[in-house]
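A.B. asks: Give me coordinates for this.
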Amino acid sequence: VQLVESGGGSVQAGGSLRLSCATSAFTLSNYCMGWFRQLPGKEREGVASIDTHGSAAYAESVKGRFTISQDNAKNTLYLHMNSLKPEDSGIYYCAADRYRCGFSTAYEYWGQGTQVTVS
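C.D. replies: Model (predicted):
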């Protein structure tokens, strides 16, 4: 199963980026989906998740700045990131699990990651 992230890059503090995650292997809306990140020198952490009912959850550090969404027609997951801070810099991953939601890192399927750099 392949999840493909895109949309990472470099941005100045206060700027915005939109990450995308797509797959042709399954229908994303039938899975719990999550965005995770690994900041330099730290363990991978959950950023945002969305369950099969469309309910979203966010880490405290990104609440009010990041939004997770899905486009079912495109079978694509998004992470809209606004008011970015240097401490948001890291590798961002999308993940999918048929049954597990939330911020556990035990999701079944993972993308390869995309780098976000905020200066």
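
A.B. asks: where exactly do the strands run in the protein?
C.D. replies: In the chain, the strands defined using DSSP state E lie at 4-6, 9-11, 17-22, 32-38, 45-50, 56-58, 66-71, 76-81, 90-97, 109-110, 114-118.

A.B. asks: buried residues in the first one?
C.D. replies: This points to strand 4-6. For strand 4-6, a neighbour-count test (16 or more other C-beta atoms under 10 Å) marks E5 as buried. Yep, even glycine has a C-beta here, placed from its N, CA and C like the rest.

A.B. asks: Name every strand pairing with that strand and say which way it goes.
C.D. replies: Applying DSSP bridges to the sheet, strand 4-6 is found paired with strand 17-22 (antiparallel).

A.B. asks: Quick one: residues in contact with the strand it pairs with.
C.D. replies: Contacting residues not belonging to strand 17-22 are listed as 3-9, 11, 28, 33, 35, 74-81, 84, 92, 94, 111, 114, 116 [C-beta atoms under 8 Å, 6 or more residues apart in numbering].

A.B. asks: before we move on, the earlier item: relative to F103, which of the strands of the chain is closest?
C.D. replies: With respect to F103, and counting by C-beta to C-beta, the nearest of the strands of the chain is strand 45-50 at 2.7 Å.

A.B. asks: neighbouring contacts of stretch 110-119?
C.D. replies: Contacts of stretch 110-119 with the rest of the structure, by C-beta under 8 Å, 6+ apart, involve 2-13, 15, 17, 19, 21, 37-38, 81, 84-95.

A.B. asks: Distance of the residue nearest the centre of the chain relative to A56?
C.D. replies: Closest residue to the average C-alpha location of the chain: W35 at 2.4 Å, with C-alpha atoms, centre = their mean. Distance of W35 to A56, computed by C-beta to C-beta, to the nearest Å: 10 Å.
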